[in-house]
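A.B. asks: turn this into a model:
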Amino acid sequence: MKKKFYINILILGVFLVGSVILITRTSSNAAPEIEKIKNLTNAEAQGVELKKLLERVGPTEAQEQMLHSGLPFTGQTHLLIHVIGDYIYNQYGPEGLALCRDYFLSACYHGFIINTLGDHGMDGMQDAMERCNSAPLGVATQCAHAAGHGFTAWHDYDLLKGLSMCDELGERVVDFTYYNCYDGVFMENVWGVHNGTPSEKRWVKTDDIYYPCNDSRIPEKYLKGCWANQATLIYQHFKGDLKKTAEACDAVKNPSYQETCYNNFSRQIHPLTKGDKEKVFSLCANATGQKWQDECVLTNMVAYFSVGDRILPEQICNMARSELKDRCLERLDGMIKYYSGE
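C.D. replies: You can find the predicted model right below:
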């Protein structure tokens with residue numbers, strides 16, 4: 001029997017890496033369905049209009065139109081594009097994966113992967129991951145991440161079982177990116193919106209800001225994935241107080257996990273900047289000490305580039321003081337080469 005996954009777009013819209021309110025491309029001749037999507041605030045209603053567009057022009061053209069629509073590169077838009085993955089899967093089955101594009105942080109692939117898990121379990125996931133490995137650069141990591149989300153919900157928020165499924169899939173698939181799957185498991189635990197509302201079975205404690213990363217039941221090999229999401233829970237605990245969130249990351253004893261905590265801290269800042277490069281610096285100033293403030297700026301620069309912006313990253317680098325500017329431009333150059341396949 002098919003196991004369904006219901007994702008609440010409005011709740012999830014704030015968590016995605018690279019969630020920013022930023023328009024880099026617009027079209028003066030947008031399709032009527034896209035104009036309606038841009039004027040709607042209800043996620044379900046937006047999905048209805050997107051499906052109309054899919055049925056009228058097909059999935060390939062619909063994705064191109066969405067890319068050039070001027071819709072913001074936000075978590076909410078990412079999750080709206082899941083509708084395209086759903087549509088392709090329902091219309092074309094497993095072979096339809098090739099119709100997905102990696103726009104909006106590979107959202108089409110995410111929707112496709114979650115449907116595959118619900119219908120075909122691990123055998124279907126193996127087939128989908130092998131198809132993802134043949135897709136454009138970066139798609140396989142996004143597919144592995146989506147798998148982690150699905151595995152957690154599949155096991156009703158039992159983290160150990162979800163992580164075990166990542167390992168099982170990795171044993172079946174060549175060059176599987178285990179970390180991305182683990183990261184997806186723990187990210188789903190943070191938001192826990194299977195069936196549309198936060199699950200009461202999440203591994204979260206209101207009186208322990210470091211749980212579940214300090215749970216002795218979780219083997220060491222998974223903990224980086226845990227700490228990659230822990231600052232989100234800390235940030236929520238302190239009701240959006242960035243300074244207290246940074247201080248909590250400072251208190252993490254293991255240097256590697258402290259660094260990972262700060263990376264997650266920086267990603268909490270990214271959607272708050274709303275495309276304002278000056279806010280990157282002012283909000284990153286909440287980090288404790290120059291080292292972490294600089295890393296915060298670099299993380300935000302990379303996140304902007306990752307979601308498709310090709311203007312703001314260089315502007316951020318040019319605003320930095322001389323030493324940081326050189327590091328920033330070097331990292332940006334690396335990103336450009338990576339995405340161009342050099």
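A.B. asks: could you pull out the helices in the stretch 1-150 of the chain for me?
C.D. replies: 9-12, 32-39, 43-57, 59-67, 75-92, 103-133, 139-154 (DSSP state H, counting those that start in this stretch).
A.B. asks: what of the stretch 151-300 of the chain?
C.D. replies: Along the stretch 151-300 of the chain, counting by DSSP H, counting those that start in this stretch, helices occupy 159-172, 178-191, 223-237, 242-250, 255-273, 277-284, 290-306.
A.B. asks: of these, flag the one that's most buried.
C.D. replies: For those, the largest average neighbour count (mean count of other C-beta atoms under 10 Å) is found in helix 178-191, namely a mean of 24. Heads up, the C-betas are built off the backbone N, CA and C, glycines and all.
A.B. asks: residues near Q315, how many?
C.D. replies: 14 (other C-beta atoms under 10 Å).
A.B. asks: mind checking pLDDT for it?
C.D. replies: Looking at Q315, its pLDDT is 97.
A.B. asks: how near is it to I234?
C.D. replies: Look at Q315 and I234: by C-beta to C-beta, to the nearest Å, they are 30 Å apart.
A.B. asks: with Y92 instead?
C.D. replies: 42 Å.
A.B. asks: pipe the helices of the stretch 151-300 of the chain into a markdown table and attach mean pLDDT per row.
C.D. replies: Output for the helices of the stretch 151-300 of the chain, formatted as a markdown table (pLDDT from 0 to 100):
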| stretch | mean pLDDT |
| --- | --- |
| helix 159-172 | 98 |
| helix 178-191 | 94 |
| helix 223-237 | 97 |
| helix 242-250 | 98 |
| helix 255-273 | 94 |
| helix 277-284 | 97 |
| helix 290-306 | 94 |
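A.B. asks: in a markdown table, list those helices along with distance to C108.
C.D. replies: Shown next, in a markdown table, are the helices of the stretch 151-300 of the chain (distance: least, C-beta to C-beta, whole Å):
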| stretch | distance to C108 |
| --- | --- |
| helix 159-172 | 20 |
| helix 178-191 | 16 |
| helix 223-237 | 23 |
| helix 242-250 | 32 |
| helix 255-273 | 21 |
| helix 277-284 | 29 |
| helix 290-306 | 16 |
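A.B. asks: number of nearby residues for the nearest residue to L159 once chain neighbours are set aside?
C.D. replies: With sequence-adjacent residues excluded and distances taken as C-beta to C-beta, 6 or more residues apart in numbering, L159 is closest to W203, at 5.4 Å. Counted with other C-beta under 10 Å, the neighbours of W203 add up to 21.
A.B. asks: what of the one 10 residues further on?
C.D. replies: When counting by other C-beta under 10 Å, one arrives at 25 neighbours for C213.
A.B. asks: for it, which non-adjacent residue is closest in space?
C.D. replies: C226 (4.2 Å).
A.B. asks: quick one, what contacts the one you found?
C.D. replies: 182, 186, 212-213, 218 (C-beta atoms under 8 Å, 6 or more residues apart in numbering).
A.B. asks: tabulate those residues in TSV, adding columns for distance to K253.
C.D. replies: Listed next are those as TSV, based on distance: C-beta to C-beta, whole Å:
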residue	distance to K253
Y182	21
F186	19
P212	17
C213	12
I218	16
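A.B. asks: which of those residues lies closest to F265?
C.D. replies: F265 lies nearest to C213 out of the contacts of C226, by C-beta to C-beta, at 14.1 Å.
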